[in-house]
Each structure stands twice: as structure tokens, then as C-alpha cells.
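J.: how would this look folded up:
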Amino acid sequence: MRVGNEEEAPRVPRQGRADWLRGERITAVVGVFYRPEGRLGEPEAVEFLLADGQSVLLTCASDWTLRVGPGTWPRLPEWCVPSGQWEFATVSNLPEPPDGGWTVTRTEERGDENGQVREVVIRCEGGSFVVIGGDTVAIRFTRGHRGAPAAT
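T.: As a prediction, this is how the structure comes out:
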């Protein structure tokens, strides 16, 4: 899923298995926000930036499912039209990454009765990212085994 070179075709991260990010290091998580609405709400998508320069984009669809695919960091996704009204920004409820980033230990996809992905859980050393599709993308970071909200 290289995105640094325009000539290279992106490699989809999932390759048909649930643990598609195991062993990767997440160095940052940014939201894709529609600026005229402000950043008070949830992002339209979230992009996980990986230590090797790749990224993974989770986007909500009109049916409230999640689309998971290669990101375009530092470029905005193609659907951000007009591009001047969109921006990457930090997601306020997420903690700063630890030194070296979060190491992914497991990735889970939770679906609906039709097999469509509605929720993705990215388990890392030190906590988990939970991304839920809806009208916008909801994301939270939890620490520990019981899913208690993380202190930011």
C-alpha cells in the first residue's frame, strides 16, 4: 500500500484477512474534516499513519458501513471535493502516540447481518482504537481489558 510514489499502485492492506495490521506501528491518527461544518463534530474519515510511510483510511459510507483501504497521506482522499473545504486535523478525543507509536497486536472487523463492516477494532499495546461507521466516523481509544475510556 505504498502511497509515496504516484507511479506505484497502492497495495490494499487487508488482503482478505482480519489481522491486516498485525505488527504495524501507528505513529498518528488524523481525521478528515469538512471545514464549513467546523471540527466540533466527528470526522468523515480517519487515516492511520504507519511508521513505514503507508497509511490506512477508514471512511463511512452512505449505508453506515465502513470502507477500509489504503490512505493517500499527505494528500486528501479523492472524494474531498472541493479540496479547499476539507482538511486533515487531529481528533480531539485521542491521546498522543507513545514514543515509536502504537504497535498493533490484532485487528477485528465487526459486521452486520449482511456481512458489511460496521466497526473496526485495532488492538495495540496499551489500548485499542474503536472505529464505528455511521453518518460520520466515530472513533475512540480505550485502555485496558474492559474498554474503559482512555485518559487524554
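J.: going forward, measure contacts between C-alpha atoms and count neighbours the same way
T.: Will do.
J.: All the helices of the protein, residue numbers only.
T.: Along the chain, counting by DSSP state H, no stretch forms helices.
J.: quick one: low-confidence ranges for it?
T.: Along the chain, the parts satisfying pLDDT under 70 run over 1-18, 37-40, 144-152.
J.: what about the strands in it?
T.: Listed from the start of the chain, the chain has strands (DSSP state E) covering 25-34, 45-50, 55-60, 66-70, 86-90, 102-111, 117-124, 127-132, 138-143, 148-149.
J.: With distance to E96 and mean neighbour count added, can I get those in TSV?
T.: Putting these into TSV (distance: least, C-alpha to C-alpha, whole Å; neighbours: other C-alpha atoms under 10 Å) gives the following:
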stretch	distance to E96	mean neighbour count
strand 25-34	8	22
strand 45-50	13	23
strand 55-60	17	24
strand 66-70	23	20
strand 86-90	10	18
strand 102-111	10	18
strand 117-124	14	21
strand 127-132	12	22
strand 138-143	11	19
strand 148-149	14	13
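J.: so can I have JSON lines of those showing distance to W79?
T.: Putting these into JSON lines (distance: least, C-alpha to C-alpha, whole Å) gives the following:
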{"stretch": "strand 25-34", "distance to W79": "11"}
{"stretch": "strand 45-50", "distance to W79": "11"}
{"stretch": "strand 55-60", "distance to W79": "11"}
{"stretch": "strand 66-70", "distance to W79": "13"}
{"stretch": "strand 86-90", "distance to W79": "10"}
{"stretch": "strand 102-111", "distance to W79": "24"}
{"stretch": "strand 117-124", "distance to W79": "20"}
{"stretch": "strand 127-132", "distance to W79": "20"}
{"stretch": "strand 138-143", "distance to W79": "19"}
{"stretch": "strand 148-149", "distance to W79": "32"}
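J.: which stretch among those strands comes nearest D19?
T.: Distances from D19 to each of those were compared using C-alpha to C-alpha; the shortest belongs to strand 102-111, at 4.7 Å.
J.: which helices and strands sit right next to that closest one?
T.: In terms of contacts (3 or more C-alpha pairs under 8 Å, 6 or more residues apart in numbering; DSSP states H and E), strand 102-111 is packed against strand 25-34, strand 117-124.
J.: Ok, which of those strands comes nearest S62?
T.: Across the helices and strands packed on strand 102-111, S62 has its closest neighbour in strand 117-124 (11.8 Å, C-alpha to C-alpha).
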